[in-house]
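Enquirer: Quick one, what's the 3D model for this:
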Amino acid sequence: MRPAVVLQYLLPHRLLSALARQIARSRWQPLKSTLINQVYRRFRVDLDEAIESDPARYASFNAFFTRALKPGARPQPDDEAVLSLPADGRLSQQGRIEQGRIFQAKGHSYTASELLGDAQRAEAFDGGTFVNIYLSPRDYHRVHMPWGGRLTDTLHVPGRLFSVAPWAVEAIPRLFARNERLVCHFDTDFGPMAIVMVGAILVSGVETVWGGEEIPPYAAAPRARDWADKSIKLERGDEMARFNYGSTVILLFPPGAIELVERESQSPTRIGGAMARRTPT
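Expert: This is a model prediction of the structure:
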């Protein structure tokens, strides 16, 4: 086993992530400027589409990471039958949910039941499809709706905070089903849709447009919240959540609902691009 992988098991994930959170929100000029400049240059972050294109004008490192884009920067597809990509990043994997299992990487898979933290809810997605998108440090870190839906409930599932970088995904079994995550369930015109915001070491913060900061605090036990009576309806292309830093978003769809656009693993994704087509009823 590689030393980097061994270290993932030994590190105090939550402590390091909590420290990183404090640093990321610091407004001390020398610290925040150093952090922003290092990431901006190392990862060649493109700020041309951001509302604020000057890295020096961000109040904190976290403000830089969660930057908003100019209106119209991510237009949705003209075809109303197309589900759009929900995040800028890279496609980790996509495909069929076979016998309740989701492919992670060569030699690794996990179950939809583990990921969602609910065996009964997972049954609706057996034989359906999944899409897994990795957001790297250079990417826009807000997640948008691929299709219109009404929020019904969320479940905060406690867990580890392993790195979700490609090398870790290839080495750590059931990684996405073991990490801390927020599961968001929506009702759509094709049935249920689940969007899972997966945390990772140093980048474990998750906020939603309806509930604000959801992670942290970290959970000691699963925390369910019912949103059905709040009439929270989001349309295709609407922002639904953001990562404070970045991580991975996983989407689940029921069988017969959509047909995925073919893409190679690790190919780039961009909000507003075609992810799938709605299957005619």
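
Enquirer: Show me how this protein divides into domains.
Expert: 3-65, 82-278 (automatic domain parsing).

Enquirer: Which one of these has the poorest average confidence?
Expert: When those are compared by mean pLDDT, domain 3-65 comes last with a mean of 91.

Enquirer: Mind telling me which residue is nearest the centre of this structure?
Expert: In the chain, the C-alpha nearest the mean C-alpha coordinate belongs to residue 249, at 2.4 Å (Cα atoms, centre = their mean).

Enquirer: Using the three-state scheme, assign that residue.
Expert: strand (DSSP: H, G, I helix; E, B strand; the rest coil).

Enquirer: what pairs with it across the strands?
Expert: residue 133, residue 197 (DSSP bridges).

Enquirer: In contact with it, which residues are there?
Expert: Residue 249 makes contact with 86-87, 132-133, 135, 143, 195-198, according to Cβ atoms under 8 Å, 6 or more residues apart in numbering. Placement of C-beta: from N, CA and C, glycine included.

Enquirer: and what of residue 195?
Expert: Per Cβ under 8 Å, 6+ apart, neighbours of residue 195: 86, 143, 183-184, 186, 240-241, 249-251.

Enquirer: from those, which would you call buried?
Expert: Buried members of the contacts of residue 195, scored by 16 or more other Cβ atoms under 10 Å, are 86, 143, 183-184, 186, 240-241, 249-251.

Enquirer: so how far is the helix or strand harbouring residue 143 from its chain's centroid?
Expert: Using DSSP states H and E, residue 143 sits within strand 142-144. Computed by Cα atoms, centre = their mean, to the nearest Å, the chain-centroid distance of strand 142-144 equals 8 Å.

Enquirer: For that strand, which strands pair with it and how are they oriented?
Expert: Here, using DSSP bridges, strand 142-144 pairs with strand 239-244 (antiparallel).

Enquirer: re earlier: most packed of the domains of the chain?
Expert: For the domains of the chain, the largest average neighbour count (mean count of other Cβ atoms under 10 Å) is found in domain 82-278, namely a mean of 19.

Enquirer: In a strand, residue 6, correct?
Expert: No - Residue 6 is assigned helix when assessed by three-state DSSP, not a strand.

Enquirer: follow-up on the earlier one: right, and out of the contacts of residue 195, which lies closest to residue 115?
Expert: Taking Cβ to Cβ as the measure, residue 115 lies nearest residue 250 of the contacts of residue 195, at 6.8 Å.

Enquirer: OK, contacts around the closest one?
Expert: Counting by Cβ under 8 Å, 6+ apart, residue 250 has contacts 102, 115, 130-133, 176, 195-196, 198.

Enquirer: Now do the same contact list for residue 153.
Expert: With Cβ under 8 Å, 6+ apart, residue 153 has these contacts: 185, 224-228.

Enquirer: Could you rerun that using 6 Å?
Expert: Neighbour list for residue 153: 185, 226-227 [criterion: Cβ atoms under 6 Å, 6 or more residues apart in numbering].

Enquirer: again, but for residue 174
Expert: Contacts for residue 174 (Cβ under 6 Å, 6+ apart) come out as residue 110.

Enquirer: Give me the distance between it and residue 129.
Expert: 20 Å (Cβ to Cβ, to the nearest Å).

Enquirer: how about residue 170, phi and psi?
Expert: When quoted as degrees, to the nearest 10, the phi and psi of residue 170 stand at phi -80, psi -20.

Enquirer: wouldn't it be in contact with residue 108 here?
Expert: No - Residue 170 lies out of contact with residue 108 (Cβ atoms under 6 Å); the separation is 7.5 Å.

Enquirer: just to revisit the earlier point, let me have the contacts of residue 250 in JSON lines, extended by distance to residue 11.
Expert: Formatted as JSON lines, the contacts of residue 250 follow (distance: Cβ to Cβ, whole Å):
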{"residue": "102", "distance to residue 11": "25"}
{"residue": "115", "distance to residue 11": "23"}
{"residue": "130", "distance to residue 11": "28"}
{"residue": "131", "distance to residue 11": "29"}
{"residue": "132", "distance to residue 11": "23"}
{"residue": "133", "distance to residue 11": "25"}
{"residue": "176", "distance to residue 11": "18"}
{"residue": "195", "distance to residue 11": "28"}
{"residue": "196", "distance to residue 11": "23"}
{"residue": "198", "distance to residue 11": "17"}
